[in-house]
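Attaching a predicted model along with its sequence, questions to come.
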Amino acid sequence: MFDNILICVDGSEIAQRAVQAGSEIAAKFGSKVHILTVVRPYKVSPELKQFLQAENLMGEPKYVLDEMTKNIIADGRNLAKESGAEKVETHVVEGKPARSIIEFAADNNIDHIVIGSRGVGEVEAALLGSVSHKVSSLAKCAVTIVR
């Protein structure tokens, strides 16, 4: 029924529950799990960018330098495996969360998205609308929102 399940993580407790729920679904259907976190682009001044390029520090994506991002993805992968998922891939993309999740799902044949109801950006979500609400409204596939 579900070949590719996308589970969105941001380091929050609700995201961990989403990983558990999505991984249990994946275990039942033999689905591949894609653990995804979206990072906001770093704003780098032209001068700093020139310095980083000169020092050859911008050869890899900027988020590779972020330890928190590495931990979020590693924790998601480990929890997915512990919760029964056998085929797990991890992904980090840069951009606006809802838009990036929808684009990733469309580009990767995702047929089910599992996302927490609220993440670490709760104040922003209260003012602008939650990422999970936007994803559930715009996705072309099944969406499970975990509370």
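Sure, I can see it. Since the structure is predicted, the reported quantities are computational estimates derived from the model, not experimental observations.

switch to C-alpha atoms for all contacts and neighbour counts from now on
Noted.

Least confident secondary structure element in the chain?
helix 122-128 (a mean of 49; mean pLDDT, DSSP states H and E).

buried residues in the next helix or strand after that helix?
Counting by DSSP states H and E, the element after helix 122-128 in chain order, helix or strand, is helix 131-138. The neighbour-count check on helix 131-138 (16 or more other C-alpha atoms under 10 Å) flags 131-133, 135-136 as buried.

How about stretch 138-147?
Quick answer for stretch 138-147 (16+ other C-alpha under 10 Å): 139, 141, 143-146.

What lies in contact with it?
14, 17-18, 21, 102, 105-106, 110-118, 132, 135-136 (C-alpha atoms under 8 Å, 6 or more residues apart in numbering).

how about 10 Å then?
Applying C-alpha atoms under 10 Å, 6 or more residues apart in numbering, the contact partners of stretch 138-147 are 2, 5-7, 13-22, 98-99, 101-103, 105-106, 109-118, 132-133, 135-137.

before we move on, back to that, and of the buried residues of stretch 138-147, the nearest to Lys43?
Minimum distance to Lys43 across the buried residues of stretch 138-147 is 28.5 Å, recorded for Ala139 (C-alpha to C-alpha).
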